[in-house]
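Participant: Sequence unavailable; structure follows:
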């Protein structure tokens, strides 16, 4: 909710962001801007005299969005480390149980790596590139595509790593 509220209040559309959007929409997509929503990440604004100034509201908003990403990733990392410690502390379990726990832990690690590449890195690039005034045009959509791919790719890790889940999948969907 805070992400949306910050976006609404701290990233208002300005003439500069509107012109930038219109340029990208026309050059890359030939689309009507009335049908497009966007978040105009921008670190600076240009006043009436053509002088560039820092856009404090956008900078605060970008920092807040970055803080949310850092907090969410830190939570995932912390929980993963605690899970690893807990698995290592169990000494009186059978070999089969330990093998399953290790496979589940490796699946957890992979399910942590996947969002790094599909969500965090593309989103961070959307924050960083405007700072250097790099306009990547339609390639900025990679964030939208990769974030939408994540929920479909994430469960595949379990399917490929855990033999029992893989066998149940094949019995259910391929033999029936």
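Facilitator: Here it is on my side, so go on. A quick note: this is a predicted structure, and the numbers were derived from the prediction, not measured. Numbering: from 1, shown residues only.
Participant: Next, name the residue at the spatial heart of this structure.
Facilitator: For the chain, the residue sitting closest to the mean C-alpha position, by C-alpha atoms, centre = their mean, is residue 119 at 2.3 Å.
Participant: who's in contact with it?
Facilitator: When the contact criterion is C-beta atoms under 8 Å, 6 or more residues apart in numbering, the partners of residue 119 are 146-147, 150. C-beta coordinates here come from the backbone N, C-alpha and C atoms, glycine included.
Participant: try 6 Å this time
Facilitator: Residues in contact with residue 119, defined by C-beta atoms under 6 Å, 6 or more residues apart in numbering, are 147, 150.
Participant: That one should be in a helix, yeah?
Facilitator: Yes: if the criterion is DSSP: H, G, I helix; E, B strand; the rest coil, then residue 119 is within a helix.
Participant: what residue of this structure is the furthest out?
Facilitator: Of all residues in the chain, residue 92 has its C-alpha farthest from the mean position, at 39.1 Å, by C-alpha atoms, centre = their mean.
Participant: how close does residue 84 get to residue 169?
Facilitator: As judged by C-beta to C-beta, to the nearest Å, residue 84 and residue 169 stand 27 Å apart.
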